[in-house]
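Have a look; sequence and predicted model below, questions after that.
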Amino acid sequence: MRLLTFRAPDGRTLPGLIADPEAAETALTEALRAGDGPSAVLRVHPISATGVRNVGDLLQRENWRDLVSGPHVDTVDISARDLAPVIPRPGKILCTGLNYADHITEMGHELPDVPTLFAKFPDALTGPFDGVEVPADNSGALDFEGELAVVIGRDVPLGGAPDEVSATEAIAGYAVFDDFTMRDLQYRTAQWLQGKNLCSASGFGPWMTTGDAFDPGSATLVTRVNGVEKQRADTRELVFNPAALVRFITSFINLRPGDVIATGTSGGVGWARSPREMLTDGDTVTVEITGLGGISNRITVR
């Protein structure tokens, strides 16, 4: 199943189930290749339940799979530009740094024994095809970081995912993520938080593919800037795979439905290139993962 959150004409957001996943991914891929991802048209079954306004709300219901499974009467065609972040307000967003061996090497670090984690706030998220506005004072070293994101689907108490099976069962699905980074702010101190939390800058979506329809160990991630490939990685190269991250995180905190884990970026980021390739006004960052679709965000410096 592919679940998304879309903006309705009346200003509300609603969750939806993609009616034909194969057709949706084909339409989106063709639009992205043509440089106009937002123009893709997706056929969606709106999901109607009291108090459910997005996929994050949906996952709070223990019977969310039953609600999604139908039967579905209504079908609407929506534009990809109407998509909101698939989980608009996660309770927690935990990002993983240094989780692909090539990226660890290019940044001058040793392979870690445990994951490196930092927090991103919900205010940092934006829709998968929304524009990203950057204040001029913060635009000195903007960077892209295409990533695989994990969405939690059930309560996992402290110590509640002691093995790979239980950790995998806690995952509702997967999506595409750009850990948009202001490198100069990131490295101004030993803490990365300020460089990772520009408001409305991290594209997230376009939908959540449920775990039964996606293998996180056999996908390819590609990041392009203005259509030029900058990152390419196989997700099997992750040092800590999604289940390992869930196990580690729940060894010290709990996870709730709708929480998000970004699994880290691969080699090829702009900061590590020689010479460095920082994003500028008018650049468009596109991130695609096979089986999950893609996102595309254009930068405007103001």
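In hand now; what should we look at?

Mind naming the longest helix for this protein?
Criterion DSSP state H: the longest helix present in the chain is helix 21-33.

So which residues make contact with that helix?
1-2, 18, 37-43, 80, 206-207, 209, 213, 286, 288, 291, 293-294, 296 (Cβ atoms under 8 Å, 6 or more residues apart in numbering). (Each C-beta comes from the backbone N, C-alpha and C, glycine too.)

Recalculate using a threshold of 6 Å.
Identification of contacts with helix 21-33 by Cβ atoms under 6 Å, 6 or more residues apart in numbering yields 2, 18, 37, 39-40, 42, 286, 293-294.

if we take those, which one ends up nearest to Gly11?
Lowest distance from Gly11 to the contacts of helix 21-33 (Cβ to Cβ) belongs to Leu42, with 19.6 Å.

What helix or strand is that closest one located in?
In this structure, Leu42 sits in strand 41-46 according to DSSP states H and E.

Mind checking what helix or strand follows that strand in sequence?
With elements assigned by DSSP H and E, the helix or strand that comes after strand 41-46 is helix 55-59.

helices and strands around that following helix, which ones?
For helix 55-59, there is no helix or strand it packs on, judged by 3 or more Cβ pairs under 6 Å, 6 or more residues apart in numbering; DSSP states H and E.

Dump the contacts of helix 21-33 into JSON lines; add neighbour count and pLDDT as well.
What follows is the contacts of helix 21-33, written out as JSON lines (neighbours: other Cβ atoms under 10 Å; pLDDT from 0 to 100):
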{"residue": "Arg2", "neighbour count": "26", "pLDDT": "98"}
{"residue": "Ile18", "neighbour count": "22", "pLDDT": "97"}
{"residue": "Gly37", "neighbour count": "27", "pLDDT": "96"}
{"residue": "Ser39", "neighbour count": "16", "pLDDT": "96"}
{"residue": "Ala40", "neighbour count": "26", "pLDDT": "97"}
{"residue": "Leu42", "neighbour count": "27", "pLDDT": "97"}
{"residue": "Thr286", "neighbour count": "28", "pLDDT": "98"}
{"residue": "Gly293", "neighbour count": "29", "pLDDT": "97"}
{"residue": "Gly294", "neighbour count": "29", "pLDDT": "98"}
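
Can you measure across stretch 159-176, start residue to end residue?
Criterion Cα to Cα, to the nearest Å; first-to-last residue distance in stretch 159-176 is 27 Å.

Number of residues surrounding the closest residue to Asp212 other than its chain neighbours?
Spatial nearest neighbour of Asp212, excluding adjacent residues (Cβ to Cβ, 6 or more residues apart in numbering): Met1 at 7.8 Å. Counted with other Cβ atoms under 10 Å, residues neighbouring Met1 total 17.

returning to that earlier point: which other residues reach the strand holding Leu42?
For strand 41-46, the surrounding residues in contact (Cβ under 6 Å, 6+ apart) are 14, 16-20, 24, 72, 74-78.

what residue ranges in this structure are flagged as low confidence?
Under the criterion of pLDDT under 70, none of the chain is flagged as low confidence.

Please enumerate the helices of the stretch 1-150 of the chain.
Under the criterion DSSP state H, counting those that start in this stretch, the stretch 1-150 of the chain contains helices at 21-33, 55-59, 64-69, 101-106.

Next: the stretch 201-302 of the chain.
Secondary structure of the stretch 201-302 of the chain (DSSP H, counting those that start in this stretch): helices located at 242-249.

how about the strands of it, start to end?
Secondary structure of the stretch 201-302 of the chain (DSSP state E, counting those that start in this stretch): strands located at 202-210, 220-225, 228-234, 260-265, 284-289, 293-301.
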